[in-house]
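**Student:** no FASTA, just this:
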């Protein structure tokens, strides 16, 4: 039986978020997802279920960094402002442990939101599929959950970056701008490079493409490569990109590195 | 339906400001780093607002649609609405080359879907009379759709046969194709076309005999029967029949509602 008392800071942090109306915010976001997904299907003549799934995944991906910046603001930045760290850090607990619990609280909240919204999306798209009978069906089974799972790594990376920004932020708006900016850059630079080089289709020559990006991925991970939704949209595992394992491992390493950096900076930060 | 060449100058001089299509690379940034979302936005926009008639010229703004479709193809070539609308609006609205480019990208991306390849093949034949390219598209479509493969292959063979002016050559070509056909359905269909072509040859030979015997051009097909050169008109197994126009007997074409063949 999982005992919350083993992780006192975790339970406190979750209660903090609850007190900050995060639960109401999350419910509002669920309603928004439902609304947008069902309306988006109306714009498509030939494949409404595909479009609603596509737009639904995009909406959830947009909400993730916004949620993280809000939670990081609550859990870390506001504590610095309120100076309540002076009290919390007086406990005989390791600072890094404390910080990681704070991060984990935000992560757990977003994970619960993510899983529930994935199920909500599944339900809405299944409902829309009963309408127009498309020639190419969407996948709402295994392929869909593979997409959701691989996108979790994107969530992990953003949570780590938000935590880092929370520690180093000097002004309140910086966490939001920094998280959103990082997300946009990390998700887009892969496809922008591809578009600018004139390739209209998925890479024919992965060696050349990956070689150029390899150096860049150390500074900013290629989160766009983690977006494998085409296997769910067109129900075809053959559309999996070839360098996926590399992107996954690189992104996980990046997240761990950033989180370690954030913990270290938190440890040496003077709170007074 | 698209802006006719003659009125282009007027629309540039008096019409409202040309519609903006943001370059695809920047659209990705605007869509929060998501090329799929950018493609969806672009197609939704063109489907809902691009089909209005420009109040000055009274026709659809084809230039905007061209750029919008191209941008959407670059962002997500697999997008079904994009290729479908591009074929219908651009292809049959005078921009068939651009529609073909979009259809070919869609055919490459959607490797399970026969339709973009088929539409590409058809367009190449109909607009450009480019049999080689048309057959490339049709072969790809037949590969992907086993249910319709025999019909598509039949079409592919027929467009090559019709290219041949000399009907005897066409007949020999069709007979050879028939002997090579493994599919009994295809062989039967080709047999019908062989019979149809043989009927045409019979009519033309009768016409040549009439003209050499009476020294005047054939006034009407009925004269062949009256003069005793033909006992009866040959029956066409396809039911389409033959036509007598400008003194020449030809195969009657299938008339499709709303489709005008370029001369």
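**Tutor:** That came through, no problem. Computed from a predicted model, the values in this text were never measured in an experiment. Residues are numbered from 1 along each chain as shown, chains lettered A, B, ... in the order given.
**Student:** does stretch B:25-33 come close to chain A?
**Tutor:** Yes. Judged by CB under 8 Å from any CB of the partner chain, stretch B:25-33 comes into contact with chain A through B:25, B:28-29, B:31-33. In short, each C-beta sits where N, CA and C put it, glycine included.
**Student:** from these, which single one is nearest chain A?
**Tutor:** Nearest to chain A out of those is residue B:33 (CB to the nearest CB; 3.0 Å).
**Student:** wait, isn't the closest one in contact with residue A:185?
**Tutor:** Yes. Using CB atoms under 8 Å, residue B:33 makes contact with residue A:185 at a distance of 7.3 Å.
**Student:** chain A contacts on chain B?
**Tutor:** Close to chain A, as judged by CB under 8 Å from any CB, chain B has residues B:24-25, B:28-29, B:31-37, B:40, B:44, B:47-48, B:73-75, B:77-78, B:80-81, B:84-85, B:105, B:108-113, B:115.
**Student:** just the ones of those in helices?
**Tutor:** B:24-25, B:28-29, B:35-37, B:40, B:44, B:47-48, B:73-75, B:80-81, B:84-85, B:105, B:108-109, B:115 (DSSP state H).
**Student:** out of those, which end up buried?
**Tutor:** Buried positions within those, assessed by neighbour count (16 or more other CB atoms under 10 Å in any protein chain shown), are B:24-25, B:28-29, B:35-37, B:40, B:44, B:47, B:73-75, B:80-81, B:84-85, B:105, B:108-109, B:115.
**Student:** and the nearest residue to residue B:78 once chain neighbours are set aside, what pLDDT?
**Tutor:** Nearest non-adjacent residue to residue B:78, counting by CB to CB, 6 or more residues apart in numbering or on different chains: residue B:109, 4.2 Å away. Looking at residue B:109, its pLDDT stands at 93.
**Student:** okay, now the unreliable bits of the chain?
**Tutor:** This is for chain A. Residue ranges of chain A with pLDDT under 70: A:1-8, A:19-20, A:199-215, A:270-272.
**Student:** um, chain B though
**Tutor:** Residue ranges of chain B with pLDDT under 70: B:1-17, B:53-54, B:57-60, B:163-166, B:169, B:182-183, B:185-186, B:253-263.
**Student:** contacts for stretch B:61-71 next, please.
**Tutor:** For stretch B:61-71, the external contacting residues (CB atoms under 8 Å, 6 or more residues apart in numbering or on different chains) are B:2-3, B:18-19, B:21-24, B:27, B:42, B:45-46, B:50, B:54, B:82, B:85-86, B:89-90, B:93-95, B:98, B:101-102.
**Student:** need the buried ones from those residues selected in ChimeraX.
**Tutor:** The ChimeraX selection below is limited to those of these classed as buried (16+ other CB under 10 Å):
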select /B:2,3,19,21,22,24,27,42,45,46,50,54,82,85,86,89,90,93,94,95,98,101,102
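**Student:** tell me the helices and strands packed up against the longest helix that chain B contains.
**Tutor:** For chain B, the helix with the greatest residue count under DSSP H is helix B:184-214. Contact here means 3 or more CB pairs under 8 Å, 6 or more residues apart in numbering or on different chains; DSSP states H and E; on that basis helix B:184-214 packs against helix B:149-163, helix B:167-180, helix B:222-226, strand B:242-245, strand B:248-251.
**Student:** how does it look with 7 Å?
**Tutor:** helix B:149-163, helix B:167-180, helix B:222-226, strand B:248-251 (3 or more CB pairs under 7 Å, 6 or more residues apart in numbering or on different chains; DSSP states H and E).
**Student:** in the first one, what's buried?
**Tutor:** Same thing as helix B:149-163. Going by 16+ other CB under 10 Å, helix B:149-163 has these buried residues: B:149-150, B:152-161.
**Student:** pick out the residue of the stretch 151-263 of chain B closest to chain A.
**Tutor:** residue B:152 (15.9 Å).
**Student:** surely that residue touches residue B:141?
**Tutor:** Yes. The pair residue B:152 and residue B:141 passes the contact test of CB atoms under 7 Å, sitting 5.3 Å apart.
**Student:** and residue 145, how many neighbours does it have?
**Tutor:** No chain specified, so I'll use chain A. 14 (other CB atoms under 10 Å in any protein chain shown).
**Student:** hmm, no, I was thinking of chain B.
**Tutor:** Neighbours around residue B:145, by other CB under 10 Å: 17.
**Student:** cool, the one 3 residues further on as well?
**Tutor:** As a burial measure, residue B:148 scores 14 neighbours (other CB under 10 Å).
**Student:** quick one, phi psi at it?
**Tutor:** phi -100, psi 10 (degrees, to the nearest 10).
**Student:** tell me how far the helix or strand harbouring residue A:167 lies from the chain's centre.
**Tutor:** Assigned by DSSP states H and E, residue A:167 falls within helix A:142-168. On the basis of CA atoms, centre = their mean, to the nearest Å, helix A:142-168 sits 4 Å off its chain's mean C-alpha point.
**Student:** anything in it near chain B?
**Tutor:** No. Helix A:142-168 does not reach chain B (CB under 7 Å from any CB of the partner chain); its nearest approach is 10.4 Å.
**Student:** re the thing from before, give me the distance from the longest helix of chain B to the chain's centre.
**Tutor:** Using CA atoms, centre = their mean, the offset of helix B:184-214 from its chain centre is 26 Å.
**Student:** go through that helix and flag the buried ones.
**Tutor:** B:186, B:189-190, B:193-194, B:196-197, B:199-200, B:203-204, B:206-207, B:210.
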